[in-house]
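Undergrad: Kindly generate the corresponding structure for this input.
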Amino acid sequence: MNRSRRSVLGAIGAGLTLASAGCLDVLDRGEDARPTYDTAALEGTVESAIETPPQPEPVQPSTEAVAGTADRIDALLADVPDPLTAADVPNGAARREIERFRDRAARGLEDVTDAPTAARALAESHGPRGSARSAAEAVAAVGSTTERRSAVEDAHSAARDRLATGADALTYAGVDPHRTLLTAVRLESLLDRARTDLDRPTHHHAAPEGHALWVGELAGQVERAVSRLAALDHLSARHRERAEADGDDAGDDADAGDAGAGDDSPTDYEGRFTEALETAREDLRAAEYPTDETSDPRELIETDARPARELMLDGVRVVSHLHETLFEEQRRLGRSLATALELDVNRRALDRVRTTIEEGGHREATPETVRSARESAVAALEELPVSAADPTVGGDFIAAERSRIASTDDRIHSWIEEDRTVRLDREYALYTLSAARLEAFPDAWATFDDRVTNGE
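TA: As a prediction, this is how the structure comes out:
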């Protein structure tokens, strides 16, 4: 295996190693000896909880919009008798399915009302709205299936017409490129998920096509799509209002003699974002890093140590998925730029991990090396150029990484509570890759920030 194939990023250099290794001198156990650890050994692996703030949101919905969607769920649930009796739905199996729709909607409504922010509440509302509509429509379709099916299919067609004009609400104009970009990511996601709702084949596991439950399932898909499209319109309008207000403030500052203030109208960043994306794609296309299509991850390292192989398999799996996503022909602009940042971080992280493996590290997953890897990830969180609260795609990435670390923490805590005996290869890989990504993030972000902010 020649060095050129095993190099991921020449720009990073062979001298960089992963601080989270903590195991450079241990012996390679190979495949035959996979130790397990009990509760006593796991104690202290996770010594302190990590904060997981909500995802940063570049624009918050109005309280009226959140209240309106909660009221919509309530109104739909009011159309479902409680208790639901045989007089309402004679078929017992169908009755139980409708009750499941209703219970899912009721639980989802609690998530909406308990959400920490208005943006989180609105995001949580789409699912329960769909479930509530499924329950209400299935009840209405009992005894009048043909009529209700026709009405719901008309609603589906109307939602498709609305979807066709939904792209008009997308915007790449604002007074700050990073906030505008994250707004675009959120709006594009709403539009694409609404399309997915409407494109999904209607199917209910307990009922054939045309059955009351089938009608309810279709109605739920329509409701979710309509809910997302309404959120898209609302958030787009809120973003424009904020951008115009911020632009007016900048104009006032300019009148007061602030030489650094700019025009009093939002800037259209679409051209800059497009150029930044094309530059990122060119760089990533030219860079040498492994994907599932170009190499077998097991051939990239000269060791049979399971922790090292787990790291490489996970790392290559991630970059392969991001690579494929980035170069999709129909990928939207904002989401593609966010993917370009994520891919750049992950390919840099993979090179760090592999360099450490080549130098003799990542051979053993023990409570001590797992704790060391986690400590490195937590320490790296303190050395970042952006925080999880920043309304940028960088802040969004950091918030997601915090959640990944916390999720692994939760799994270890649950093992301790359940008095489980477990292997730690997977957890070691997760913490180590998180640390590698967080340590690689500053350099990737500096490049990304220059392109988005300065158009370089």
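Undergrad: what's whichever strand or helix holds residue 345 packed up against?
TA: Element membership for residue 345, per DSSP states H and E: helix 333-358. Applying 3 or more C-beta pairs under 8 Å, 6 or more residues apart in numbering; DSSP states H and E, we find helix 333-358 packed against helix 177-199, helix 270-286, helix 306-326, helix 393-418, helix 425-449. C-beta here means a position set from N, CA and C on the backbone, and glycine is covered the same way.
Undergrad: how about those in JSON lines, adding mean neighbour count, mean pLDDT and distance to residue 169?
TA: JSON lines is the format used below for the helices and strands packed on helix 333-358 (neighbours: other C-beta atoms under 10 Å; pLDDT from 0 to 100; distance: least, C-beta to C-beta, whole Å):
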{"stretch": "helix 177-199", "mean neighbour count": "22", "mean pLDDT": "97", "distance to residue 169": "7"}
{"stretch": "helix 270-286", "mean neighbour count": "16", "mean pLDDT": "96", "distance to residue 169": "14"}
{"stretch": "helix 306-326", "mean neighbour count": "21", "mean pLDDT": "93", "distance to residue 169": "23"}
{"stretch": "helix 393-418", "mean neighbour count": "18", "mean pLDDT": "97", "distance to residue 169": "20"}
{"stretch": "helix 425-449", "mean neighbour count": "23", "mean pLDDT": "97", "distance to residue 169": "26"}
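Undergrad: and of the ones you listed, who's closest to residue 37?
TA: Distance to residue 37, taken as C-beta to C-beta, is lowest for helix 393-418 among these, at 9.1 Å.
Undergrad: Would you mind identifying the next helix or strand past the helix holding residue 345?
TA: Taking DSSP H and E, what comes next after helix 333-358 is helix 367-381.
Undergrad: Now do that next one, average pLDDT.
TA: For helix 367-381, mean pLDDT rounds to 97.
Undergrad: Report all helices and strands that it contacts.
TA: Against helix 367-381 (3+ C-beta pairs under 8 Å, 6+ apart) you get helix 393-418, helix 425-449.
Undergrad: Which strand or helix spans the nearest residue to residue 74 once chain neighbours are set aside?
TA: Sequence neighbours aside, residue 109 is the residue nearest to residue 74 in space, at 7.3 Å (criterion: C-beta to C-beta, 6 or more residues apart in numbering). Using DSSP H and E, residue 109 sits within helix 92-114.
Undergrad: Flag every buried residue along that helix.
TA: Neighbour-count burial for helix 92-114 flags 94-95, 97-99, 101-102, 104-106, 108-109, 112 (criterion: 16 or more other C-beta atoms under 10 Å).
Undergrad: Rebuild these as JSON lines, extending it with distance to residue 233 and pLDDT.
TA: Shown next, in JSON lines, are those (distance: C-beta to C-beta, whole Å; pLDDT from 0 to 100):
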{"residue": "94", "distance to residue 233": "35", "pLDDT": "95"}
{"residue": "95", "distance to residue 233": "37", "pLDDT": "97"}
{"residue": "97", "distance to residue 233": "32", "pLDDT": "96"}
{"residue": "98", "distance to residue 233": "31", "pLDDT": "97"}
{"residue": "99", "distance to residue 233": "33", "pLDDT": "97"}
{"residue": "101", "distance to residue 233": "26", "pLDDT": "97"}
{"residue": "102", "distance to residue 233": "28", "pLDDT": "98"}
{"residue": "104", "distance to residue 233": "26", "pLDDT": "98"}
{"residue": "105", "distance to residue 233": "23", "pLDDT": "98"}
{"residue": "106", "distance to residue 233": "27", "pLDDT": "98"}
{"residue": "108", "distance to residue 233": "22", "pLDDT": "98"}
{"residue": "109", "distance to residue 233": "22", "pLDDT": "98"}
{"residue": "112", "distance to residue 233": "19", "pLDDT": "97"}
